[in-house]
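Student: Give the three-dimensional model of this entry:
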Amino acid sequence: MLAAGIPDYSATFPGVDWGDLEFAAPTLTFDGGLDLWAGNLLIQLQDLGFVAHTEGDVVAWIPERQVLFSGDLVFHGGTPFSLFGSVHGTIEAMDRLEAFNADVLVPGHGPVARGPEAIASALNDQREYLRFVQHGAAEGIAAGRRPLEQARSMELGRFAEWTDSERLVGNLHVAYREAGDNPDFDIAVGIGDMITFNGGALPRCLA
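Tutor: Below is the predicted model:
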């Protein structure tokens, strides 16, 4: 992070005024877990320990209040995005989140889910979409189609109502790689295919 500094996102998000940014390196790192205190309130940070949304996903759990902050492992009402991580790992992460038996789930994007039924629905939606991606990848590989071509052949069904549907292409790139059939895998290629799939428009990142 010290070597890379602040990433330049101007090409991805043109016209954004980022302001006068100064890089601040982390002053504390951890492996596995870390307990923090806000007054008398315990906040437990837990590292998933495997690649899911990214290589370093961390959730925050407040046991006294049964509140779980999932970060971008959950896009509630939006299309999950695995281009920088793993489709398979994100599915596994849903099982990990479910095991907390939280009363409140605060996702990285989308509305808060309150109560067991709402949380189960949010997690199952993510699983269902990601398995849809895996099935599409298997279908595309069998037919000899590359991820962009396969994405164009797929019917999103109810997932078409979700924001950022162009992420399907990026997710397929990862699913192809995980199935051992994506020799050209490259994050930049995945983003380029998303733009092409989106009619030449940059990814909107609405959620």
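Student: which parts of whichever helix in the chain runs longest are buried?
Tutor: Of all the elements of type helix in the chain, the one with the most residues (DSSP state H) is helix 116-143. Judged by neighbour count using 16 or more other C-beta atoms under 10 Å, the buried positions of helix 116-143 are 119, 122-123, 125-127, 129-130, 132-134, 136-137, 140-141. Yep, even glycine has a C-beta here, placed from its N, CA and C like the rest.
Student: Show me what the worst-scoring helix or strand of the chain on mean pLDDT is packed against.
Tutor: Least confident element among the helices and strands of the chain, by mean pLDDT, DSSP states H and E: helix 187-197 (a mean of 84). Contacts defined by 3 or more C-beta pairs under 8 Å, 6 or more residues apart in numbering; DSSP states H and E place helix 187-197 against helix 147-153, helix 167-178.
Student: Pick the most buried one from these.
Tutor: helix 167-178 (a mean of 26; mean count of other C-beta atoms under 10 Å).
Student: what sits up against that helix?
Tutor: 79-83, 85-88, 130, 133-134, 136-137, 140-141, 146-148, 150-151, 154, 156, 182, 185, 189-191, 193-194, 196-197, 203 (C-beta atoms under 8 Å, 6 or more residues apart in numbering).
Student: What's the local residue count around residue 194?
Tutor: Residues lying near residue 194 (other C-beta atoms under 10 Å) number 27.
Student: where's it relative to residue 16, distance?
Tutor: From residue 194 across to residue 16, the span is 18 Å (C-beta to C-beta, to the nearest Å).
Student: got it, and residue 66?
Tutor: From residue 66 across to residue 16, the span is 37 Å (C-beta to C-beta).
Student: what's the answer for residue 84, then?
Tutor: Distance from residue 84 to residue 16, by C-beta to C-beta: 20 Å.
Student: before we move on, what about residue 129?
Tutor: 28 Å.
Student: do the same with residue 78
Tutor: From residue 78 to residue 16 the distance is 20 Å (C-beta to C-beta).
Student: Strand partners (parallel or antiparallel) of the lengthiest strand in the chain?
Tutor: Counting by DSSP state E, the longest strand found in the chain is strand 67-75. The pairing partners recorded for strand 67-75 under DSSP bridges are strand 58-62 (antiparallel), strand 104-109 (parallel).
Student: low-confidence ranges in the chain?
Tutor: Within the chain, the stretches with pLDDT under 70 are 12, 182-184, 206-207.
Student: residues near residue 78, how many?
Tutor: If you count neighbours by other C-beta under 10 Å, residue 78 ends up with 21.
Student: rewinding a little: residue 84 and residue 16: who's more crowded?
Tutor: For residue 84 versus residue 16, the count of surrounding residues by other C-beta under 10 Å is larger for residue 84: 14 against 9.
Student: Apart from its neighbours in sequence, what residue is nearest that one?
Tutor: residue 54 (5.2 Å; C-beta to C-beta, 6 or more residues apart in numbering).
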